[in-house]
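Q: I would like the atomic coordinates for the input below:
(one chain, ligands or ions: 2)
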Amino acid sequence: MFDTTLRDGAQFEGISLTVDDKLRVAEQLDRLGVRWIEGGYPQANPRDAEFFQRAPSELSLETAELVAFGSTRRPAGKVDDDTTLRALVDAGVGTACIVGKSWDFHVTQALGTTLDEGVAMVGDSVAFLRGEGLRVFFDAEHFFDGYRTNPEFALRVLEAAAMGGAECVVLCDTNGGALPHEVQAATADVVAHLDVQVGIHTQNDGGCAVANSVAAVLGGATHLQGTVNGYGERTGNANLMTAIPDLELKLGITCLPEGRIERLTSVSRHVAELVNLPPHPADPYVGSSAFAHKGGLHTSGLGKAGGATYEHIDPAVVGNHTRVLVSDLGGRAGMAMKAAELGVELDGAAAAALTDELKRREALGFVYEAADASLELLMREAGGWRQDLFSLEGYRVTTYHRHATRGGTPIDDDDEAMVDTEASVKVWVGDERLVAIGEGNGPVNALDHALRTALNGRYPALARIHLIDFRVRVLDSSSTTGAVVRVLVDSTDGEHTWTTIGVDSNIIEASWQALVDSIVYGLVHAGA
Ligand SMILES: CC(=O)SCCNC(=O)CCNC(=O)[C@H](O)C(C)(C)COP(=O)(O)OP(=O)(O)OC[C@H]1O[C@@H](n2cnc3c(N)ncnc32)[C@H](O)[C@@H]1OP(=O)(O)O
Ligand SMILES: CC(=O)C(=O)O
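A: Ligands and ions are numbered 1, 2, ... in the order given. Below you'll find the model as predicted:
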């Protein structure tokens, strides 16, 4: 397993890693147990060079070794004064991976040289690095396109790398357009032809990067390059989070040290945090939706005979877990399973009644799969529970926009438009009536302040509950400003986060519903 998240992954649009980020990603890769970590292109930029300088003292790798990436010498150049090759030697690692062209079209057009010189660039460069004491892997760029149009030249390039001392020639589908059957056949041909290890590196332009990696392994490749979450140039690389379990769990080919595959989900999500990209829910094996069941027929089967009915593996094997989603596409069985997941007791009659109520609400625009906290409150109510923390008598919100000009004339020289919002809330706690006013930078903020002021001192846990996100979606945009809106609010108590929902044609009322659910849920879970 050769991970190139820090090199090819860094070529993904939207990723820009600091040296500290790169060190943290390398720690995660080592935690997962890959054999090789391609740390970057030391000649390309000061960040990658600094990574290789700092890594020996700041990383203590247990299973992985660092590899430095570069290219062959320039056409008609000399290996001794080639800055890329020198940077690889100076990177201070034991292994280099260099890329060279194996498609005749690229040699003549992109490099602007002859095919013989193209072959010499590869052989000379590998031999130079070997002479400097490095182990060398050779990435044969555009191998499958080259093999399709001029197999004799493509194989000559691989031979030159092998003769120069490369211990692995890596067949690259650089444009990502190959299909599995051709990758498998070409790989098998190379394996039969050469005496060195053969590897595979695929891009995902045809959506086949993982399939092509698996096909190459079936064709005899024993070195697989890929990235965490499939990050990489353009549409990305082979996603190791998919390829590793495909190979280990489906084909019985060991990729990681014993006991590491169960770290797959946590490493995937941790690296997503480090590169600052949201994890993709539908990613196989590690995505949050990978084992999330929504259809009523599915959840019913799952409830009767367990995960094997609708899950291709036990999610725990890759560190993930089963989730049940309730929606208007589900029935009683899914509702009962979701209640059990949330720790709410719901008998059959209550589950059936709530299923009908939920379908009615979803028709109005509620989506409970996105708002587990509001769903839990609904379930509790279906089981006979009533929240007695507070009840609303009424609220009022006013926003005053005072313009900076009057009749086109500024009111005074430095006056700017002012928008003030004030809310008043009247609630009952038991038989005590509480009235409070709150100011805010908008209606929801003002209502939140007013409600907290009214409840001040009653529930100390309220101080720990904060809103962290607020999303509004217009549900019937044809009604323009009269449309129904859906508000989702994310909240936290510093330890857990939860999501609540409100739907109404009045955005303030929808927000109020989500706000109240958020506070009630937070207080109930704090034991208030
Ligand atoms: C398939 C892959 O993903 S390979 C990795 C691709 N990743 C990157 O390119 C990221 C890092 N790259 C860089 O920072 C820069 O491109 C550098 C530092 C490597 C080179 O920068 P520059 O010298 O300014 O060259 P520039 O980027 O404009 O062009 C690339 C040069 O490399 C040459 N080149 C391309 N492939 C190879 C190769 N396999 N061996 C030697 N030279 C090559 C090109 O012909 C071009 O040379 P030219 O300037 O004489 O036309
Ligand atoms: C080397 C590489 O990243 C490629 O050929 O796609």
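Q: The residue nearest to residue 121 when sequence neighbours are not counted: neighbour count?
A: For residue 121, ignoring the flanking residues on the chain, the nearest one in space by C-beta to C-beta, 6 or more residues apart in numbering is residue 72 at 4.4 Å. For every residue, glycine as well, the C-beta is placed using N, CA and C. Residue 72: 30 surrounding residues under other C-beta atoms under 10 Å.
Q: Show the contacting residues for residue 72.
A: Going by C-beta atoms under 8 Å, 6 or more residues apart in numbering, residue 72 touches 84, 98-100, 121-122, 124-125.
Q: possible to save the residues you listed as a markdown table with neighbour count and secondary structure?
A: Listed next are the contacts of residue 72 as a markdown table, based on neighbours: other C-beta atoms under 10 Å; DSSP: H, G, I helix; E, B strand; the rest coil:
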| residue | neighbour count | secondary structure |
| --- | --- | --- |
| 84 | 21 | helix |
| 98 | 26 | strand |
| 99 | 22 | strand |
| 100 | 28 | strand |
| 121 | 27 | helix |
| 122 | 29 | helix |
| 124 | 20 | helix |
| 125 | 31 | helix |
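Q: Contacting ligand 2 as well, which ones from these?
A: residue 99 (C-beta under 6 Å from any ligand atom).
Q: domain assignment for this structure?
A: 2-268, 292-382, 390-458 (automatic domain parsing).
Q: Please identify the most buried of those domains.
A: Comparing those by mean neighbour count (mean count of other C-beta atoms under 10 Å), domain 2-268 ranks first with a mean of 21.
Q: which non-adjacent residue is nearest residue 68?
A: residue 91 (3.8 Å).
Q: Kindly apply the preceding question to residue 443 instead.
A: residue 397 (4.6 Å).
Q: and whichever strand or helix holds that neighbour, what's its mean pLDDT?
A: Element membership of residue 397, judged by DSSP states H and E, is strand 391-402. Per-residue pLDDT over strand 391-402 has a mean of 93.
Q: Touching, residue 105 and residue 149? I think so.
A: Yes. Contact criterion C-beta atoms under 8 Å: residue 105 and residue 149 qualify, at 6.9 Å.
Q: max-length helix in the protein?
A: helix 507-525 (DSSP state H).
Q: what helices or strands is it leaning on?
A: helix 372-382, strand 391-402, helix 443-454, strand 466-474, strand 485-492, strand 497-504 (3 or more C-beta pairs under 8 Å, 6 or more residues apart in numbering; DSSP states H and E).
Q: List the contacts of it.
A: 371, 373-374, 376-377, 387, 389, 392, 395, 397, 443-444, 447-448, 451, 459, 461-462, 464-465, 467, 470, 472, 485-489, 491, 493, 496, 498, 500-504.
Q: Specify the angle between that helix and helix 443-454 in degrees.
A: 40 degrees (axes from the mean of the first three to the mean of the last three C-alpha atoms, to 10 degrees).
Q: Buried residues, helix 507-525. List them.
A: 507-508, 510-525 (16 or more other C-beta atoms under 10 Å).
Q: Poorly predicted segments of the protein, please.
A: 410-416, 477, 479-480, 482 (pLDDT under 70).
Q: what's the distance between the spatially most central residue of it and ligand 2?
A: By C-alpha atoms, centre = their mean, the chain has its centre lying nearest to residue 279, at 1.8 Å. According to C-beta to the nearest ligand atom, to the nearest Å, residue 279 and ligand 2 sit 23 Å apart.
Q: And the residue of the stretch 251-400 of the chain closest to ligand 2?
A: Among all residues of the stretch 251-400 of the chain, residue 275 sits closest to ligand 2, at 17.6 Å; criterion: C-beta to the nearest ligand atom.
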